[in-house]
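Engineer: My questions are about this predicted structure, shown below with the sequence.
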Amino acid sequence: MSLHQFLLEPITCHAWNRDRTQIAISPNNHEVHIYQKSGNQWVKSHELKEHNGHITGIDWAPKSDRIVTCGADRNAYVWSLKDGVWKPTLVILRINRAATFVKWSPLENKFAVGSGARLISVCYFESDNDWWVSKHIKKPIRSTVLSLDWHPNNVLLAAGSCDFKCRVFSAYIKEVEEKPGPTPWGSKMPFGAVLAEFGGAGGGGWVHSVSFSSSGNRLAWVSHDSTVTVVDGTKGSTPSQLKTEFLPLLSVLFISENSVVAAGHDCCPMLFRCDDGGSLTFVSKLDLPKASITRNISAMERFRNMDKRATTEDRNTALETLHQNSITQVSIYEGDQRDCRKFCTTGIDGAMTIWDFKSLEASIQGLRIM
Amino acid sequence: MAKNTLSSRFRKLDIDEFDENKFVDDHDEAVDNQGPDGAEIDNLIRQGDMMTAFHIALRNPPVITKNPAIKERALAIVLRVLTSFKSSDIEPAVKSLDRSGVDLLMKYIYRGFEKPSDNSSAILLQWHEKAFAVGGLGSIVRVLTARKTV
């Protein structure tokens, strides 16, 4: 587990390049900073300044090496590296509220932007006019879209929103792709069709994050009522919900077909297992603190504490977890969604931590990732 | 000085109801539970069978209905059961509940906190401590985020 503290500002969002030598982060302001790995350190190599409002989403396309960013200024930009400089291209999203989330599709010919305007903007490149065009998915979304994830078939899109529901939409754009084959979620997929809708029903909170598994058959989401839910499209549409005893989780990710990692306001990533019958169980917290060593305080420290903090005790106010504040995003660092070996978390404390499953399996008794 | 001092009884429409951006929650058409049966609970309390009274009180919670009278009645019955418990019996009672039962108990506890009566706070705090040990922060978060409340 290696933690790197970028700055004291919260990291709103982050994105890795293909070989994980560069990371693009936004330190809670209008800019995106790209850091290059050099040895054990991270050196700032680029600053992307074009947005007029806080950056709310960054995604880096691994194959085509393009970055898409979206912000509270209702805009999105696609950045391409030309002669060592990142050049932005404005995308007209036609939204009248802030953008909240952005994700490239698996084939990188489209990207989807969630927004506070209660709609999703799916954008594709029109080469005739040499610009990015957006199409809207509006119905039946009734509140801000908080999170999106693409199905591996490049057509289906899962969206979690503040109207307490998680939905699967079709984002089929006939100008850039062929008609998709049938999937467990449905076979007729015109643009904007709702193939599945879960949640609501009087319980539930805002859906903070959604994630498809690598096969696309399973969909997991976390919601503000401290629950994790998984639904298996091949086994009918009854979701399996787990009510946790933790604070709400903010980000969820499939790290194998049967395992899900989620992290949130408890500042600690947690592992859940989804068995073949589709039911979800909690496996373990992945940030178990080592036993703290109580030291004897020297007299000098005691007086210093009395002076600084008006206390004579060695009361440590730091959290026991690695992250000192909520984790807002979990991403895959090494491996892919079928078999992830390392994952990365960033949070409001401005730190980025890389977690290695090999060392987690060794240090936590009985932990096996399946 | 003119129009706005005249009678406004002509205003029969509430224009906010027609705002298309207004969020209307899904409502279940199902006929809702009426809450536990007061007479049965009284009998059980008199007999001293607190555990059964406890389980019956938590059955049929009136979560869907918007009728405050039904909710008040159910709340009163549940609070009567909770306050009649002996401190030592609280923990086994909480342990006998499943996850949703603990969430429901937490909802009733917080409703009980809203209107403290003479002795209710002390016993409710003990219930809260035991329910928290089982349900954790998640059960309290679910009380805050629930839209179907008791």
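Structural biologist: Yes, it's here.
Engineer: How about the residues of chain A by chain B?
Structural biologist: A:142-143, A:163-164, A:200-205, A:224-227, A:243-248 (CB under 8 Å from any CB of the partner chain). Quick note: C-beta positions are derived from backbone N, CA and C, even for glycine.
Engineer: and if we set it to 6 Å?
Structural biologist: A:142, A:200, A:202, A:205, A:224-226, A:243-248 (CB under 6 Å from any CB of the partner chain).
Engineer: Would you list the buried entries among the residues you listed?
Structural biologist: Among the residues of chain A next to chain B, those buried by neighbour count (16 or more other CB atoms under 10 Å in any protein chain shown) are A:142, A:200, A:205, A:224, A:225, A:226, A:243, A:244, A:245, A:246, A:247, A:248.
Engineer: Using pLDDT, spot the least trustworthy of these.
Structural biologist: Among those, residue A:200 has the lowest pLDDT, at 69.
Engineer: Which residues does stretch A:62-73 contact?
Structural biologist: A:18, A:24, A:32, A:51-60, A:76-80, A:98-99, A:102, A:108, A:111, A:113 (CB atoms under 6 Å, 6 or more residues apart in numbering or on different chains).
Engineer: Which pair of the residues of chain A next to chain B spans the longest distance?
Structural biologist: A:142 and A:245 (29.6 Å; CB to CB).
Engineer: mind listing the helices for chain A?
Structural biologist: Taking DSSP state H as the test, the helices found in chain A are A:299-309, A:357-363.
Engineer: averaging pLDDT over each of these, which comes out lowest?
Structural biologist: For the helices of chain A, where the average pLDDT is lowest is helix A:299-309, sitting at a mean of 77.
Engineer: Relative to the whole chain's centre, how far out is that one?
Structural biologist: Distance, stretch centre to chain centre, for helix A:299-309: 42 Å (CA atoms, centre = their mean, to the nearest Å).
Engineer: Now do the buried residues in it.
Structural biologist: Neighbour-count burial for helix A:299-309 flags residue A:305 (criterion: 16+ other CB under 10 Å).
Engineer: next one: stretch A:1-10
Structural biologist: Under 16+ other CB under 10 Å, the buried positions of stretch A:1-10 are A:4, A:6, A:10.
Engineer: which regions of the stretch 201-350 of chain A sit below the pLDDT cut-off?
Structural biologist: A:201-203, A:290-297, A:311-315 (pLDDT under 70).
Engineer: so what's the one residue in chain B that gets nearest to chain A closest to, chain neighbours aside?
Structural biologist: Residue nearest to chain A within chain B: residue B:136 (2.5 Å; CB to the nearest CB). With sequence-adjacent residues excluded and distances taken as CB to CB, 6 or more residues apart in numbering or on different chains, residue B:136 is closest to residue A:245, at 2.5 Å.
Engineer: and that neighbour, backbone torsions?
Structural biologist: phi -100, psi 20 (degrees, to the nearest 10).
Engineer: My read is that it contacts residue B:138, right?
Structural biologist: Yes. Using CB atoms under 6 Å, residue A:245 makes contact with residue B:138 at a distance of 4.2 Å.
Engineer: Name the residues of chain B found near chain A, please.
Structural biologist: So chain B meets chain A at B:23, B:26, B:99, B:135, B:136, B:137, B:138, B:141, B:142, B:145, B:147, B:148 (CB under 6 Å from any CB).
Engineer: min pLDDT across these, which one?
Structural biologist: In terms of pLDDT, residue B:26 ranks lowest among the residues of chain B next to chain A, with 68.
Engineer: ok, the residue in the stretch 201-350 of chain A that chain B sits nearest to - contacts?
Structural biologist: Closest approach between the stretch 201-350 of chain A and chain B, counting by CB to the nearest CB: residue A:245, at 2.5 Å. Residue A:245 is in contact with B:135, B:136, B:138, counting by CB under 6 Å, 6+ apart.
Engineer: neighbour-wise, which of those leads?
Structural biologist: residue B:135 (26 neighbours; other CB atoms under 10 Å in any protein chain shown).
Engineer: Am I right that that residue is in contact with residue B:101?
Structural biologist: No. Between residue B:135 and residue B:101 there is no contact under CB under 6 Å: 9.5 Å.
Engineer: shaky segments in chain B?
Structural biologist: Across chain B (using pLDDT under 70), the flagged ranges come out as B:1-3, B:26-32.
Engineer: what about the helices in it?
Structural biologist: B:38-47, B:50-57, B:68-83, B:87-95, B:99-114, B:120-145.
Engineer: List the neighbours of the first one that are in contact with it.
Structural biologist: What that stands for is helix B:38-47. B:52, B:53, B:57, B:77, B:84.
Engineer: For residue A:125, name its beta-bridge partners.
Structural biologist: residue A:132 (DSSP bridges).
Engineer: how deep is residue B:84 tucked in, by neighbour count?
Structural biologist: Residues near residue B:84, counting by other CB under 10 Å: 15.
Engineer: Measure how buried the residue nearest to it when sequence neighbours are not counted is and give me the count.
Structural biologist: Nearest non-adjacent residue to residue B:84, counting by CB to CB, 6+ apart: residue B:45, 5.6 Å away. Applying other CB under 10 Å, we find 18 residues neighbouring residue B:45.
Engineer: same thing with residue A:13?
Structural biologist: For residue A:13, using other CB under 10 Å, the count is 23.
Engineer: Give me the pLDDT for the closest residue to it other than its chain neighbours.
Structural biologist: In space, and not counting its chain neighbours, residue A:13 is closest to residue A:58: 5.0 Å by CB to CB, 6+ apart. In this prediction, residue A:58 carries a pLDDT score of 96.
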